[in-house]
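Asks: Just to be clear, the model below is a prediction. Sequence and coordinates:
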Amino acid sequence: MADIGIDAHAIGGRLTGNETYITNLIDGLIGLESGHKFTLFMTGMEAAERAGNMFPGVRPVMARPANPMLRIPLVTPWLVWKLGIDLLHVQYVGPPLMTAPLVTVIHDISFESYPQFFSTRERLQFKATFPVTARRAARVLTISENSKRDLVEIYGLPEEKVIVTYLAAGKEFVPVADSESLRAVRGRYGIKGPYILAVGNLQPRKNLVRLIEAYSRMRSARPDIGHSLVLVGKKAWRHDPVLSFVEGSRWADDILLTDYVSAEDLPALYSGADLFAYPSIYEGFGLPPLEAMACGTPVVVSDRASLPEV
């Protein structure tokens, strides 16, 4: 029996895909009933309490300070040594020096192929840390063959070191048929009438300006289509063009921006939509299309990166 440490700082941080991944990973590992013990490294008290309630039997441990510049290279390896952790799982970046072996999941390295979608600070930070962790790790997990190809070709990792572990929609994503639940969610976000849905942070990589342009052209060409466009996602780097394009659209009153939406509301939002659109330019995997499909909603995606594979 091993004590497996998991960097779970994303829980409670509204880090969208990263939070979804780590939450479901922990749930899946516990469900295996392997006999292993799990220690979660957390950075927030509220999130630690939530994790303790969600995953009975795990051990939440505070890793402070939350600042990654101190937490990752200093606090985490000290906790690994102090607690006798046998294996540490992280997302993207782990300690450069540590007593236990390291497994990292790197969802994608899109900043290498599309640097224009990232700030200078992000590019410098990722370039300085991702390759180091990937080469130091005992195994690198990634979420599509497309991402594995990038890791092998760009970082020169041996193919056998990189393991593809596909994602799946959570068990909560099923068609919601209850009219009261659908009506309540519509009312919560001010949705009136039929709608087209998009889910993803407001950032250039999600290609939302192109989606808004397509929607506006469709509405102008087909007056009989009265659907609104609902954009679910929090504001991310360089979100201003999205907001500006919405404001400049003739159909601005029919384009709704909900900001961050709780996970509990997503199944009903997916189920209530007549169409889900995901025109992203690059995704390491792209969970929202699978979540929408699991809720019975027709999906349109771009033909870029991992999306055809998914």
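Replies: Perfect, thanks for sending it. Numbering: from 1, shown residues only.
Asks: Show me the contact partners of stretch 248-255.
Replies: For stretch 248-255, contacts defined as Cβ atoms under 8 Å, 6 or more residues apart in numbering pick out 212, 215-216, 219-220, 227-229, 231, 246. (Each C-beta comes from the backbone N, C-alpha and C, glycine too.)
Asks: next one: stretch 36-46
Replies: Against stretch 36-46 from outside (Cβ under 8 Å, 6+ apart): 1-9, 11-13, 26, 29-30, 48, 51, 55, 57-64, 66, 71, 76, 79, 83, 85.
Asks: Could you work out the most separated pair of the contacts of stretch 248-255?
Replies: Greatest spacing in the contacts of stretch 248-255, by Cβ to Cβ: 220 and 231 (18.9 Å).
Asks: neighbour-wise, which of these two wins?
Replies: residue 231 (23 against 11; other Cβ atoms under 10 Å).
Asks: Quick check: phi and psi on the more buried one?
Replies: phi -110, psi 110 (degrees, to the nearest 10).
Asks: now swap in the one 4 residues further on and tell me
Replies: The main-chain torsion angles of residue 235 are listed as degrees, to the nearest 10 and equal phi -70, psi 130.
Asks: ok, it - contacts?
Replies: Applying Cβ under 8 Å, 6+ apart, the residues near residue 235 are 201-202, 259.
Asks: cool, residue 85 as well?
Replies: Going by Cβ under 8 Å, 6+ apart, residue 85 touches 3-5, 39, 79, 100.
Asks: And those residues, which two are furthest apart?
Replies: Longest span within those, Cβ to Cβ: 4 and 79, 13.3 Å.
Asks: before we move on, back to that, which among the contacts of residue 235 end up buried?
Replies: Among the contacts of residue 235, the ones that count as buried by 16 or more other Cβ atoms under 10 Å are 201-202.
Asks: would JSON lines of the contacts of residue 235 with secondary structure be doable?
Replies: Output for those, formatted as JSON lines (DSSP: H, G, I helix; E, B strand; the rest coil):
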{"residue": "201", "secondary structure": "coil"}
{"residue": "202", "secondary structure": "strand"}
{"residue": "259", "secondary structure": "strand"}
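Asks: Rounded mean pLDDT for stretch 289-296, please.
Replies: Mean pLDDT, stretch 289-296: 96.
Asks: Would you mark the buried spots in it?
Replies: Result for stretch 289-296 [16+ other Cβ under 10 Å]: buried residues 289-292, 294-295.
Asks: Looking at these, which are in helices?
Replies: Of these, the ones assigned to helices by DSSP state H are 289-292, 294.
Asks: between these, which is closest to residue 138?
Replies: Distances from residue 138 to those, taken by Cβ to Cβ, are shortest for residue 290, at 28.9 Å.
Asks: quick one, phi/psi of residue 158?
Replies: Torsion angles, degrees, to the nearest 10, at residue 158: phi -60, psi 140.
Asks: which residues touch it?
Replies: So residue 158 contacts residue 152 (Cβ under 8 Å, 6+ apart).
Asks: Now do the same for it: its pLDDT.
Replies: Residue 158 is given a pLDDT of 97.
Asks: quick one: low-confidence ranges for the stretch 1-150 of the chain?
Replies: Within the stretch 1-150 of the chain, the stretches with pLDDT under 70 are 13-16.
Asks: What number of residues are in the vicinity of residue 150?
Replies: Neighbours of residue 150 using other Cβ under 10 Å come to 23.
Asks: so it touches residue 109, yeah?
Replies: Yes. Residue 150 sits in contact with residue 109 when judged by Cβ atoms under 8 Å, with a separation of 5.3 Å.
Asks: now residue 130: how far from residue 197?
Replies: Computed as Cβ to Cβ, to the nearest Å, the residue 130 to residue 197 distance reads 32 Å.
Asks: okay, these two: which has more neighbours?
Replies: Of the pair residue 130 and residue 197, residue 197 is the one with more neighbours under other Cβ under 10 Å, namely 28 against 20.
Asks: pretty sure residue 218 is in contact with residue 226, am I right?
Replies: No. The criterion here is Cβ under 8 Å, and residue 218 misses it with residue 226 at 11.2 Å.
Asks: could you point out which element follows the host helix or strand of residue 153?
Replies: Assessed by DSSP states H and E, residue 153 sits inside helix 145-155. Past helix 145-155, further along toward the C-terminus, the next helix or strand under DSSP H and E is strand 162-164.
Asks: and the next helix or strand after that following strand, how far out from the chain's middle?
Replies: Sequence order places helix 179-188 as the next helix or strand after strand 162-164, per DSSP H and E. Put simply, helix 179-188 sits 25 Å off its chain's centre (Cα atoms, centre = their mean, to the nearest Å).
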